[in-house]
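*Asks:* Here's my sequence, what's the structure:
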Amino acid sequence: MKKILNSTIYIIVLFCSIGLCSQEFEGSWTGGIQGMPLVFEISNTEGNYTAKMQSPSQSKSFLPMDTATVEGNKITLVLHAYKIKYEGEFIDGKIMGTFSQGVGSAEMNLEKKAREELTPNRPQEPKAPFPYQVEEVFFTNPKANNIQLAGTLTIPRDVKRPPVVILISGSGPQDRNEELFDHKPFLVLADYLTKNGVAVLRYDDRGVAASEGTQKGATSADFATDVAAAIAYLKTRKDINKKQIGLIGHSEGGLIAPIVIANNQKDVAFFVSLAGPGLRGDQVLLSQMRKGAELSGAPENELDFEMNLMDQLFKKIIASTDSSNEALQKELQIMMTAAATKAPAALQPKYSPSFITAMTKEFSNNWMRFFLTYDPAINLQKVTCPVLAINGSLDYQVLSDSNLSGMESAFLKVKNEDVTLKNLPGLNHLFQNAKTGSGEEYGQIEETFDPVTLQLIGSWIKDRFN
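*Replies:* Predicted coordinates:
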């Protein structure tokens, strides 16, 4: 989803940076968190230290920290946008510290060396030349200040006016390939479907790569208007079947698609949900946080404290629909500050004023408020077109059983008779064959998208729109 997951339905480290206050701190530093490498570049200009950090498995770009505070040989680094805080101490040539993001935290030590760039093996990634038509396209969203969105349309060469699907990405700013951890799942999916007779439109999210606009202040409902604009564009084409336009949404994309369908019933012929949510946002995020913490080995007393705190914060957010973002943040700050005094001893340092400010700012923004209060059943009950909903049994971000059950209940109410729900064993949130489903496995697994699942999606569409 746009901020779950990866918040979510998925919260994940993207980029950050650090600043230090000693000659020993200058240079390149390498570390990692949960199997994900991080690279820090630190410089000193007339006693003023600046730094940046790269998550090379996710992007070649660097982002600066908002604050870098140094006291003696200790450093504290904060990146508000991603709820990141790093606290470390220079000891014997290394920086020994703790990295935290959101409610999760873990030890992270840094070594003074540049990271060796390794090219991961991604055997499924297709390479040109392609046996189908590839066209760069642009379309405009009149409901978002006429921003222009950029994408790629792939069309089979041997099928006259084929069915077409629009791919809707998960949480966070995503490009048209939904690239993350050196994987390009939407590229792999588009390639497979197009080779099997289905045209595919995939596009850069607003504010990403070649697309205009910004994600600041936007919610899932706003992103739904981008999808509607994509549908309107496809309806102008003469080389695809305008009556067979479908939506495939991954994670938050599986939440966005039903919003689009509810408002465009006659324009959407089918819907494929890939790890989409079937429960209200607060339930999805709480279960995601708990499962993620369990996979990282969090002690039971710390886990119970933080989950209880998150539950109380989410209830406050849900009950505060009439409050401004600023007023809500102040109320959440009061709640978190009071709760921090009762935190287990090991968590006390984590709940600093800067951490609480960063967390409450994130929880009171437009996207999060919409997500936590939104119940997908509202629009799932309006989906009457054929539906394929699949989730992986090892998905820790959108738990399979509970969310598929929520979807099933909604579809029963609308009496949709063409619904296929599948819990796919051994697959994680990205539909990779995994061992635990933990996020640290995403980049380590060579497989980008389970081939059997690709076949399932392709054959399901072909059975209905051959």
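
*Asks:* S169 reaches I248, doesn't it?
*Replies:* No - contact criterion Cβ atoms under 8 Å: S169 and I248 do not qualify, at 10.2 Å. In this view, the C-beta of every residue, glycine as well, is placed from N, C-alpha and C.

*Asks:* higher neighbour count, these two?
*Replies:* Between S169 and I248, S169 has the larger neighbour count (other Cβ atoms under 10 Å), namely 30 against 27.

*Asks:* check contacts around that one.
*Replies:* Shown in contact with S169 (Cβ atoms under 8 Å, 6 or more residues apart in numbering): K2, E178, F186, D205, H250, S251, E252, G253.

*Asks:* quick one: which two of those are the most distant?
*Replies:* Put simply, by Cβ to Cβ the two of the contacts of S169 set farthest apart are K2 and F186, 14.8 Å from each other.

*Asks:* Now for N428: which residues touch it?
*Replies:* Applying Cβ under 8 Å, 6+ apart, the residues contacting N428 are G392, L394, D395, Y396, A434, G437, S438, E441, Y442.

*Asks:* measure the residue nearest to the last one when sequence neighbours are not counted to P120 for me?
*Replies:* If I follow you right, that is Y442. In space, Y442 comes closest to F181 once its chain neighbours are excluded; the distance is 4.5 Å by Cβ to Cβ, 6 or more residues apart in numbering. Look at F181 and P120: by Cβ to Cβ, to the nearest Å, they are 8 Å apart.

*Asks:* Settle it for me: which of the two has more neighbours?
*Replies:* Using other Cβ under 10 Å, the more surrounded residue of F181 and P120 is F181, with 25 against 12.

*Asks:* helix, strand or coil for G172?
*Replies:* Classification of G172 by DSSP: H, G, I helix; E, B strand; the rest coil places it in coil.

*Asks:* what's the distance between it and H250?
*Replies:* From G172 to H250 the distance is 12 Å (Cβ to Cβ).

*Asks:* Between the contacts of S169, which sits nearest D282?
*Replies:* Checking the contacts of S169 against D282 with Cβ to Cβ, the nearest one is E252 at 14.7 Å.

*Asks:* isn't that closest one right up against P173?
*Replies:* No - counting by Cβ under 8 Å, E252 does not reach P173; the two are 11.8 Å apart.

*Asks:* For G207, which non-adjacent residue is spatially closest?
*Replies:* Nearest one to G207, counting by Cβ to Cβ, 6+ apart, is T214 at 4.5 Å.

*Asks:* What are the phi and psi values at that neighbour?
*Replies:* phi -150, psi 150 (degrees, to the nearest 10).

*Asks:* Would you mind giving the domain segments of this structure?
*Replies:* 23-111, 132-280+374-464, 301-366 (automatic domain parsing).

*Asks:* between those, which gets nearest to Q288?
*Replies:* Here domain 132-280+374-464 is closest among these (Cβ to Cβ), at 5.0 Å.

*Asks:* measure that closest one end to end?
*Replies:* Criterion Cα to Cα, to the nearest Å; first-to-last residue distance in domain 132-280+374-464 is 22 Å.

*Asks:* Now the residue nearest to F62 when sequence neighbours are not counted: which helix or strand?
*Replies:* Nearest residue to F62, sequence neighbours excluded (Cβ to Cβ, 6+ apart): K52, at 3.9 Å. K52 is part of strand 48-54 when elements are defined by DSSP states H and E.

*Asks:* for the next helix-or-strand element following that strand, packing partners?
*Replies:* Next helix or strand after strand 48-54 toward the C-terminus (DSSP H and E): strand 63-64. For strand 63-64, the packing partners by 3 or more Cβ pairs under 8 Å, 6 or more residues apart in numbering; DSSP states H and E come out as strand 48-54.

*Asks:* Stretch 158-171: end-to-end distance?
*Replies:* 35 Å.
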